[in-house]
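> Provide a 3D model corresponding to the input given below.
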Amino acid sequence: MDERIQRLNGIAQQGDIDAFYNIIREDVKLLEHIDEFPFVDTPLHISASAGHFPFSYEMMILKPSFVNKRNPDGYTPIYLALLNGHTKMVRQLLQHNADLVRVKGRECMTPLHYAATTIGRKGLTHSYYEAKRKDYLALLEIFLSVCPDSITDLTTRNETALHISLKNNNLEAFKFLVGWLLRKSPYWKKILEQKDVEGNTVLHIAVSRNQTLAVSHLLALGRRFVNIEKNLGAKTALDILDEQRRRRVDNSEMRDILDRAGALTASSRPTVTSSHEHYLRLPGSCERKKIIFIGNQVIKRITDEKRNALLVVAALLVTVSYQAVITPPGGLWQDDLFEPNTTDVLRRSPDDRFKLNITAPHRAGSATARRTDAFATFMIFNSIIFLSSIATMAALVPLDGIVGMYLVGFSVYLCFGYISSLMIITQAPDWLARIVIFSPVIIIVGAANVWLVWIERRRIKSEEE
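Okay, here's the model as predicted:
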């Protein structure tokens, strides 16, 4: 058995698929025997280290468990490929399995963490750095594009890729990750405030390592990051800077940046009520209003497939119900008539008596059946379907940021368009129509003002904290 495994390892080193199947004919359970070891250099580890993509992909198909298996050093195959500089093969593997980005190896390091450490590592020559810089920045972009959630992955020290990049003096990767967060992630503030096992945020690390460019880059996003405490030692960024000055470290430029941002020492910050005392008090009115958003937690449990299916059904119902109010049952009048009209058209009644046909007053565009009970019932249920579908779409689509505000605005205008069409076909009075025309503008302006006031209060509150 050991002799066959050694032969298989040599075949994996060469990337010879034909030779692999020749040895499999001798023992069809050879891969199963290797898989029994909890820590082992599998053929996938060996071929990934050597950069043989066809052989590595063959192993991934035949034995998917090899992807997450660690060797005696704690490394996974995808990590070994990166460690040996086979970035092209890593890109090819990601085209077939995007989950490789989140495979955790030694100390829970993912490929994204490794890419954040590589550029700018100590000991690299200038020529090697220039040759690999763009390659690894492109890798970061690929990792985040195929799996955006990988930015939230933490190491055993609670470090994000941003922590890793600063600790390895990789300022270019740090700036790239911050730029990606601001453009792609609605939770960028939470990620930038993430603390490692020592309670350090990325700002604390940048200050402790005297990385002025990184500090300036962070504080340009707002003052909320400047006075976050450490969990251990309860030190702010300014406290760390003061310790450096006592050790006669020249950090005058960093001090100026923090002073302009309004940095405080831990002793100068207001006392914060402990969490257990917070729950001993009854909640205020603002906290009680958060119950309204409990539905969002339910929505988050819906899978992407179900969410997409529900969105398709809701959009179809919106389309059908809106079309029904434009072309109602029975059709629309094509002319105006404001006085009862006795026409010359005769019709024979069931009892063979002749009656004159009387046309009721109407407007062009109004429904011919609007005075019937059946029409009223139809429009009531049609309106319920339309408004419920709009509400469902609003619940399923995230409303964070400016895109969410646009979606709310478009939905409001669509609702008022539906109401206006309903008023036309039911021949509503003109004064009511004028109210409907101007009410969307009033509602949108009012909602925008409320939203801006809420944002400003949140900003003031975060600065006070």
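> Phi and psi next, for residue 93.
With angles defined as degrees, to the nearest 10, residue 93 sits at phi -70, psi -40.
> wait, doesn't it sit right on residue 100?
Yes. With contact defined as CB atoms under 8 Å, residue 93 and residue 100 form a contacting pair (5.9 Å). In short, each C-beta sits where N, CA and C put it, glycine included.
> what residues do these two have in common as contacts?
Common contacts of residue 93 and residue 100 (CB atoms under 8 Å, 6 or more residues apart in numbering): residue 78.
> Tell me where the model's unsure across the stretch 101-250 of the chain.
119-132, 221-250 (pLDDT under 70).
> repeat that with 80
118-136, 185-187, 189, 208-250 (pLDDT under 80).
> which residues of it fall in helices?
111-118, 126-146, 161-167, 171-184, 188-192, 202-208, 212-219, 237-246 (DSSP state H, counting those that start in this stretch).
> what does the first one rub up against?
Residues outside helix 111-118 that contact it (CB under 8 Å, 6+ apart) are 78-79, 82-83, 90, 100-101, 103, 132, 136, 139-140, 143-144, 150-151, 153, 155, 159, 161-162, 164-165, 168, 170, 173-174, 177.
> and these, which are buried?
78-79, 82, 90, 100-101, 103, 132, 136, 139-140, 143-144, 150-151, 153, 155, 159, 161-162, 164-165, 168, 170, 173-174, 177 (16 or more other CB atoms under 10 Å).
> As a check, name the ranges of all strands in this structure.
341-348, 354-359 (DSSP state E).
> if you average pLDDT over each of these, which comes out lowest?
Lowest mean pLDDT within those: strand 341-348, a mean of 46.
> which stretches of the stretch 351-465 of the chain have low pLDDT?
Using pLDDT under 80, the stretch 351-465 of the chain drops low at 351-366, 370-371, 394-409, 412-413, 416, 420, 427-465.
> those helices in it, which residues are they?
373-396, 401-425, 430-464.
> what number of residues lie near the closest residue in space to residue 66 that isn't next to it in sequence?
Nearest non-adjacent residue to residue 66, counting by CB to CB, 6 or more residues apart in numbering: residue 44, 4.1 Å away. A count of nearby residues for residue 44, using other CB atoms under 10 Å, gives 29.
> Tell me who's in contact with residue 44.
Taking CB under 8 Å, 6+ apart as the test, what residue 44 contacts is 12, 56, 59-60, 63, 66-67, 69, 77.
> Can you tell me which of these end up in helices?
Taking DSSP state H as the definition of helices, these contribute 12, 56, 59-60, 77.
> and these, which two are the farthest apart?
The span of the ones in helices among the contacts of residue 44, defined through CB to CB, is set by 12 and 60 at 12.7 Å.
> who has more neighbours, these two?
residue 12 (25 against 21).
> The more buried one against residue 54, yeah?
No. With contact defined as CB under 8 Å, residue 12 does not reach residue 54; the gap is 11.7 Å.
> Correct me if wrong: residue 13 contacts residue 45.
No. Using CB under 8 Å, residue 13 is not in contact with residue 45; the gap is 10.6 Å.
> Compare the two (neighbour count), which wins?
residue 45 (26 against 15).
> pLDDT wise, what is that one at?
93.
> Tell me who's in contact with it.
Residue 45 touches 66, 69, 71, 75-77, 80, counting by CB under 8 Å, 6+ apart.
> Can you pick out the most distant pair from those residues?
Across these (CB to CB), the longest gap, 12.6 Å, separates 66 and 75.
> Compute the number of surrounding residues for residue 367.
By other CB under 10 Å, 24 other residues sit near residue 367.
> Check the one 4 residues further on too.
Here the count is done by other CB under 10 Å, and residue 371 has 12 residues near it.
> now it: how far from residue 377?
13 Å (CB to CB, to the nearest Å).
> what's the answer for residue 10, then?
80 Å.
> What of residue 407?
Residue 407 is 32 Å from residue 377, by CB to CB.
> Of those two, give the one with the bigger neighbour count.
residue 407 (15 against 10).
> That one reaches residue 394, doesn't it?
Yes. Applying CB under 8 Å, one finds residue 407 in contact with residue 394, separated by 7.3 Å.
> Next, format the helices of the stretch 101-250 of the chain as CSV and append distance to residue 364.
CSV is the format used below for the helices of the stretch 101-250 of the chain (distance: least, CB to CB, whole Å):
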stretch, distance to residue 364
helix 111-118, 63
helix 126-146, 54
helix 161-167, 64
helix 171-184, 50
helix 188-192, 54
helix 202-208, 66
helix 212-219, 63
helix 237-246, 70
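> Show me the chain divided up by domain.
Following automatic domain parsing, the chain resolves into domains at 195-269, 295-332+367-464.
> Neighbour-wise, give me the winner out of the contacts of residue 45.
That'd be residue 77 among the contacts of residue 45, by other CB under 10 Å, with 28 neighbours.
> Now for it: which residues touch it?
42, 44-45, 47-49, 56, 66-67, 69.
> How about it, nearest residue that isn't a chain neighbour?
Closest to residue 77 by CB to CB, 6+ apart is residue 48, at 4.0 Å.
> Quick one: neighbours of that neighbour, just the number.
Neighbours of residue 48 using other CB under 10 Å come to 32.
> ok, so what distance separates the closest residue to residue 154 other than its chain neighbours from residue 44?
The shortest distance from residue 154 to any non-neighbouring residue, by CB to CB, 6+ apart, is to residue 160 (6.3 Å). Using CB to CB, residue 160 is found at 28 Å from residue 44.
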